[in-house]
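Undergrad: Predicted structure and sequence below. I'll ask about it afterward.
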Amino acid sequence: MKQSALRATSDKTSAHFDQHDWASAYCNVDQELKNVPLTTIKGSIPKELFGNLYRNGPGKLERNGQWVHHPFDGDGMIVSICFNNGDVTLSNQFIRTEAWEEEEKAGKFIYRGVFGTQKPGGPIANAFDLRLKNIANTNVIKLGDQLLALWEAAGPHALNPSTLETIGLSNLNGVLKKGESFSAHPRFDPGHHDRPRMVTFGVKTGPKSTIRLMEFATEGVAAGQLISDRKDNFDGFAFLHDFAITPNWALFLQNAIDFNPLPFILGQKGAAQCLKSNPKDQAKFLLIPRDCGAYAGQAPRIFNAPKGFVFHHLNASEKDEEIIIESIYYKDFPSIKPNEDFRKINFDSIPEGILKRCHISFSSNQISITNLSKQCCEFAMVNPLYQGLKANYSWMAVAERAEGNGPLQSIKKLNLNTLEECFWSASPRGFVSEPIMIPNPTSKSEDEGWVITLVWNGARRATDLVILNASDLSEQAILEFPIAIPYGLHGNWVSSNPPKQ
Ligand code: CO
């Protein structure tokens, strides 16, 4: 593992990794740990870190010899890493969803997965079984006194934040109707309108789609309560995984995508495998006014969006008569075809994610777009205190190659003004996951703090916890997990108050 100030290579072709090392992270987690102290093998833990890093992701990828078709179909498992005055402990637990309990008992898959996992027995056994399996595997957040495991097509599962025990499917004190969707990508407004809030959405899709925009209090006695709620209808099918916020707007990118459900109904494909980019169609930015902002109560504004498919946004901000939004664009919707093995994928055959900045002008009704890098990236974030504001820095996971697709092996810090980059690399045998930037509570500087990521250590066939200094990505500490955790999806840092001296 190494840190470098500048990328040494302009390599566009050669592989920096062994496919077996990369694929070895896909394994079942067969242990649930409770507050196990972690061994620091390098560096020291910053004393300023008090709190928990919660992460979610698939922990069960195989049952009775059958593998999931796509890791996104794996059952959610929470990892909690607790930082307390230089000590670090690890806990992990599967979310006891109804389907997890049933499949554990049966010892095999009895539900279909959205990304193509089939029940045993071929298309005949799968046809017309349109039940959704809520696998609770995409993100984990703290709202009020509960931890919520999120999966965007259905409701959240509430967990005990200390023990990680599953409390059950939650309707958030009556906010959500039975089966209503609740995004796995809330955005935390750091206090643009006096107090911090959590802004999130649910989408009901079809030939017309409805977005429900919800804002929740996150502090004080009202923490967890819904404080604003609006619904807007839009034309066309909407696949919305993420969104962005500014003080006045919630921004969505409605991808130009078609959904043909027939192969799903007939048992040949998972629902998400029926999505396909439609180059003849026009992608749209949907801007919904926030109830706390200057345009409260007004109708949404709609702008044409650039070509390409977007899962994730980095950030958005407002300047005069413009909105600026940075997002990761793919040439097409990436999916694993029915006869492909996800562990053997050829990275060159799937499109890479490219970070781009789009200016949306209210005065001219026009948009303009620029590339911020040619390097394949995912999981980008800014300092959370700059959510919705102009940020100067971002941190993200990137492929080792300067161009083209590849597994995520480095963490990059990108200066969003000068486009200057610095890196920390886990290659050749390490593979990074989503970096979480934690601002230093004692500093006012935007890039002071730490970046924490779980790294798959291909040599050790287990997971390492890597803590970097956010300003230059120098190594602060490396800790070894006693277990192997497959590549995860999203997570969040929840700070706690340090004990009084
Ligand atoms: Co996501």
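TA: Nice, I can see it. Numbering: from 1, shown residues only.

Undergrad: Just say helix, strand or coil for residue 314.
TA: Per DSSP: H, G, I helix; E, B strand; the rest coil, the secondary structure class of residue 314 is strand.

Undergrad: residues contacting it?
TA: Listed by Cβ atoms under 8 Å, 6 or more residues apart in numbering, the contact set of residue 314 reads 244, 326-328, 355, 380-382, 394, 396. Yep, even glycine has a C-beta here, placed from its N, CA and C like the rest.

Undergrad: repeat for residue 137
TA: 56-59, 72, 74-77, 95, 149, 151, 489.

Undergrad: Show me where the stretch 151-300 of the chain has its helices.
TA: Remark: helices assigned in the stretch 151-300 of the chain by DSSP state H, counting those that start in this stretch are 262-265.

Undergrad: follow-up on the earlier one: between which two of the contacts of residue 314 is the distance greatest?
TA: The two members of the contacts of residue 314 with the most space between them (Cβ to Cβ) are 244 and 396, at 15.1 Å.

Undergrad: The two - which one has more neighbours?
TA: Shown here are residue 244 and residue 396; by other Cβ atoms under 10 Å, residue 396 has more neighbours (28 against 25).

Undergrad: Please, which helix or strand holds that one?
TA: Per DSSP states H and E, residue 396 falls inside strand 393-399.

Undergrad: Can you tell me the strand partners of that strand and which way each runs?
TA: In the sheet containing strand 393-399, its partner strands are strand 377-381 (antiparallel), strand 408-415 (antiparallel), by DSSP bridges.

Undergrad: what about it, average pLDDT?
TA: For strand 393-399, mean pLDDT rounds to 98.

Undergrad: residues making contact with that strand?
TA: 314-315, 326, 347, 352, 355, 375-383, 405-416, 423, 432-435, 437, 446-447, 451, 453, 470.

Undergrad: Mind putting the strands paired with strand 393-399 into CSV with mean neighbour count and distance to residue 83?
TA: Listed next are the strands paired with strand 393-399 as CSV, based on neighbours: other Cβ atoms under 10 Å; distance: least, Cβ to Cβ, whole Å:
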stretch, mean neighbour count, distance to residue 83
strand 377-381, 22, 19
strand 408-415, 24, 19
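
Undergrad: which stretches of the stretch 251-400 of the chain form strands?
TA: Applying DSSP state E, counting those that start in this stretch to the stretch 251-400 of the chain gives strands spanning 257-259, 275-277, 284-289, 301-304, 309-319, 322-330, 354-361, 367-371, 377-381, 393-399.

Undergrad: typed the wrong thing, it's the stretch 1-150 of the chain
TA: Going by DSSP E, counting those that start in this stretch, the stretch 1-150 of the chain shows strands at 2-4, 36-37, 39-43, 51-60, 62-63, 66-67, 75-84, 87-94, 139-143, 146-150.

Undergrad: Compare the ones you listed and report which one is nearest to residue 121.
TA: With Cβ to Cβ as the criterion, residue 121 lies closest to strand 66-67 of the strands of the stretch 1-150 of the chain, at 10.8 Å.

Undergrad: just to revisit the earlier point, lowest-confidence entry in the contacts of residue 137?
TA: Taking these together, the minimum pLDDT is found at residue 72 (91).

Undergrad: Excluding chain neighbours, what is closest to that residue?
TA: Residue nearest to residue 72 in three dimensions, not counting chain neighbours: residue 115, with 4.6 Å by Cβ to Cβ, 6 or more residues apart in numbering.

Undergrad: count of residues packed around the one you found?
TA: With other Cβ under 10 Å as criterion, residue 115 counts 20.

Undergrad: circling back: any chance of a markdown table for the strands of the stretch 1-150 of the chain, columns mean neighbour count and distance to residue 20?
TA: Formatted as a markdown table, these follow (neighbours: other Cβ under 10 Å; distance: least, Cβ to Cβ, whole Å):
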| stretch | mean neighbour count | distance to residue 20 |
| --- | --- | --- |
| strand 2-4 | 14 | 22 |
| strand 36-37 | 13 | 28 |
| strand 39-43 | 14 | 24 |
| strand 51-60 | 24 | 19 |
| strand 62-63 | 16 | 17 |
| strand 66-67 | 16 | 16 |
| strand 75-84 | 24 | 23 |
| strand 87-94 | 19 | 25 |
| strand 139-143 | 24 | 29 |
| strand 146-150 | 25 | 31 |
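
Undergrad: Going by mean pLDDT, which of these comes out lowest?
TA: Note on those: strand 2-4 shows the lowest mean pLDDT, a mean of 49.

Undergrad: which intervals of this protein have sub-threshold pLDDT?
TA: Across the chain, the ranges flagged by pLDDT under 70 are 1-15, 335, 499-501.

Undergrad: can you point me to the longest helix in it?
TA: Looking across the chain with DSSP state H, the single longest helix is helix 98-106.

Undergrad: Just the buried residues of that helix, please?
TA: Neighbour counts using 16 or more other Cβ atoms under 10 Å place 99-100, 103 of helix 98-106 among the buried residues.

Undergrad: And those residues, which is closest to residue 321?
TA: The shortest approach to residue 321 among these belongs to residue 99, at 48.4 Å (Cβ to Cβ).

Undergrad: who are the neighbours in contact with that closest one?
TA: Contacts for residue 99 (Cβ under 8 Å, 6+ apart) come out as 75, 110-111, 133-135.

Undergrad: still on that earlier bit, which one of the strands paired with strand 393-399 lies nearest to residue 204?
TA: The nearest among these, by Cβ to Cβ, is strand 377-381 at 27.3 Å.

Undergrad: Would you confirm that residue 134 contacts residue 169?
TA: Yes: with contact defined as Cβ atoms under 8 Å, residue 134 reaches residue 169; the gap is 7.4 Å.

Undergrad: can you give me the end-to-end distance of stretch 440-453?
TA: Taking Cα to Cα, to the nearest Å as the measure, stretch 440-453 stretches 16 Å from start to finish.

Undergrad: what's it in contact with?
TA: Contacts for stretch 440-453 (Cβ under 8 Å, 6+ apart): 46, 48-49, 53, 81, 383, 385-386, 391-393, 395, 397, 411, 413, 432-439, 465-471, 473, 476, 493, 495.

Undergrad: again with stretch 187-194
TA: Stretch 187-194 is contacted from outside by 196-200, 215, 218, 243-245, 247, 292-293, 384-389, using Cβ under 8 Å, 6+ apart.
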